[in-house]
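>>> The following block contains a protein sequence and its predicted model.
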Amino acid sequence: MLKGKTVIVTGAARGIGAAIATCFAQNGANVLLNSRSASDALRETAAEVDRLGGRSHISVGDVSDSAYVQTMVADALNAFGSVDILVNNAGVIKDRPLLFMKERDWYDVLDTNLSGAFLCTKAAIKPMIKQRWGRVINIASITALAGRSGQTNYGAAKAGLIGFTKSLARESASHNVLVNAAVVGVIDTRMTRQIPRDTLKEISEMVPLGRIGRPEEVANVCLFLASDMSSYVTGTTINVSGGGYI
């Protein structure tokens, strides 16, 4: 489905990012894997991309750093010859009630989750427009739609990402660059495994499907959005939450 395409996946070391990278590789894509720091997990994900038949390229850096982002996109072009798909997945959480939230906690989350997506998209969309084909997929959250205590910074960033998606879709449609968002619920990742078991059980019981999601289930939605199957889909948000937000 993605044979010969090049994808940049930010936050690709683990969890949803790693699942997207390997899913796309299984479908023929070359993958630049970004992570803020070098790690065994990042190298393992790259090795899995190669094993599945894709070609991997590791890029280590902070997506909120404009100079790094320019280098990252240039590396993808040098390694693979094109940039066709961008998945803005990199994100951090620094949960705290607003009254106790430090300014740094606010700015760190917005810098990575929202400004990082802006910087990566601004750099990566240029070759997409030039070749008149591209896909931008933003990983948002149901926190943007339903709210969650202690996540005013995260909710604001993800809500901003949805607005960013809709406006950019209008700007880029005439260039055949499609922009969409996957609005993700609670997914089984290292982050959610830190939630106390009883709390996680309560969350699962509130989801109509009765369980939390798997990273692969998010990756499958992103595969649809990245492929020609979504050729008439832009500016939309696809809810991947098991009915957690309806």
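That came through fine.
>>> going forward, measure contacts between C-alpha atoms and count neighbours the same way
Noted.
>>> Give me the most central residue, this protein.
In the chain, the residue lying closest to the centroid (Cα atoms, centre = their mean) is Asn89, at 2.1 Å.
>>> can you give me the helices for this structure?
15-26, 40-51, 66-80, 103-110, 116-131, 143-146, 152-172, 197-206, 215-226 (DSSP state H).
>>> Which strands and helices lie in contact with the third one?
Contacting helix 66-80 under the criterion 3 or more Cα pairs under 8 Å, 6 or more residues apart in numbering; DSSP states H and E are the following elements: strand 6-9, strand 56-60, helix 116-131.
>>> Go again with 7 Å.
Here helix 66-80 touches helix 116-131, going by 3 or more Cα pairs under 7 Å, 6 or more residues apart in numbering; DSSP states H and E.
>>> now swap in the first one and tell me
Judged by 3+ Cα pairs under 7 Å, 6+ apart, helix 15-26 is in contact with helix 40-51, helix 215-226.
>>> Arg36 is in contact with Gly61, isn't it?
Yes: counting by Cα atoms under 7 Å, Arg36 does reach Gly61; the two are 4.6 Å apart.
>>> so what's Ser231 up against?
Residues near Ser231 by Cα atoms under 7 Å, 6 or more residues apart in numbering: none.
>>> Quick check: the gap between it and Cys222.
13 Å (Cα to Cα, to the nearest Å).
>>> before we move on, what about Asp95?
In terms of Cα to Cα, Asp95 sits 27 Å off from Cys222.
>>> Looking at those two now, which is surrounded by more residues?
When Asp95 and Cys222 are compared for neighbours, Cys222 comes out ahead with 23 against 18, by other Cα atoms under 10 Å.
>>> Let me know the pLDDT of the more buried one.
Listed pLDDT for Cys222 reads 98.
>>> can you check Gln194 too?
Predicted confidence (pLDDT) for Gln194: 68.
>>> which of the helices and strands packed on helix 15-26 is buried the deepest?
Burial of the helices and strands packed on helix 15-26 is given as mean neighbour count (mean count of other Cα atoms under 10 Å); helix 215-226 ranks first at a mean of 20.
>>> which residues touch the helix or strand of the chain with the lowest mean pLDDT?
None of the helices or strands of the chain scores lower by mean pLDDT, DSSP states H and E than helix 197-206, at a mean of 81. Helix 197-206 is contacted from outside by 210-212, 244, using Cα under 7 Å, 6+ apart.
>>> again, 10 Å this time
Contacts to helix 197-206, defined as Cα atoms under 10 Å, 6 or more residues apart in numbering, come from residues 186, 192-195, 210-213, 242-245.
>>> Quick check on those residues: which are buried?
186, 211-213, 242, 244-245 (16 or more other Cα atoms under 10 Å).
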